[in-house]
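Q: For reference, the sequence and a predicted model appear below.
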Amino acid sequence: MNREEILTIKTEIHNHLTRELLPFWTTRIKDSKNGGFVTHFDKDGMDTGEDEKSLIAQTRSIYTLASAHRAGYGQGKYAELAKHGIDFLLGKIDIGPRR
């Protein structure tokens, strides 16, 4: 692979990330009613209603949003979405009685 091919692939990846992948998720992932993130969508991007808020899906969403923010995407919007997920998880933690 030469430099030009690598740069072409890099541009394609960047365009897919910024024009398709991140916008798809960030415009529909936030669950304002129940907290956390909706993670199950049908082929048309509609919520399937099958969401059970698994720890893996919630933390994966937080990690992805925080990573996108750290990489300079979203102008702070992705950090706010990640915070929404963290607040949801922290609200679900039962640390038990203090000793």
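A: Arrived safely.

Q: Nearest residue to the middle of the protein?
A: residue 61 (3.7 Å; CA atoms, centre = their mean).

Q: how far away is it from residue 86?
A: Distance, residue 61 to residue 86, by CB to CB, to the nearest Å: 10 Å. All C-beta spots, glycine's among them, are computed from the backbone N, C-alpha and C.

Q: what does residue 59 give?
A: 9 Å.

Q: same check, this time on residue 7
A: In terms of CB to CB, residue 7 sits 36 Å off from residue 86.

Q: ditto for residue 68
A: Distance, residue 68 to residue 86, using CB to CB: 15 Å.

Q: Comparing these two, which shows the higher neighbour count?
A: residue 68 (22 against 16; other CB atoms under 10 Å).

Q: Please give the element, helix or strand, for residue 12.
A: helix 3-16 (DSSP states H and E).

Q: Counting by contacts, list what that helix packs against.
A: Judged by 3 or more CB pairs under 8 Å, 6 or more residues apart in numbering; DSSP states H and E, helix 3-16 is in contact with no other helix or strand.

Q: mind checking pLDDT for residue 97?
A: Predicted confidence (pLDDT) for residue 97: 65.

Q: Need phi/psi at residue 31.
A: phi -100, psi 90 (degrees, to the nearest 10).

Q: what's near enough to touch the closest residue to it other than its chain neighbours?
A: Nearest non-adjacent residue to residue 31, counting by CB to CB, 6 or more residues apart in numbering: residue 38, 5.0 Å away. Contacts for residue 38 were tallied using CB atoms under 8 Å, 6 or more residues apart in numbering; they are 28, 29, 30, 31, 47, 51.

Q: Got phi/psi on residue 38?
A: Residue torsions, per degrees, to the nearest 10, at residue 38 are phi -80, psi 130.

Q: likewise residue 79?
A: phi -60, psi -40.

Q: List of residues touching stretch 83-99?
A: With CB under 8 Å, 6+ apart as the criterion, stretch 83-99 contacts 30, 35, 36, 37, 55, 58, 59, 61, 62, 65.

Q: Next, the buried residues of that stretch.
A: Buried residues in stretch 83-99, counting neighbours by 16 or more other CB atoms under 10 Å, are found at 84, 85, 86, 88.
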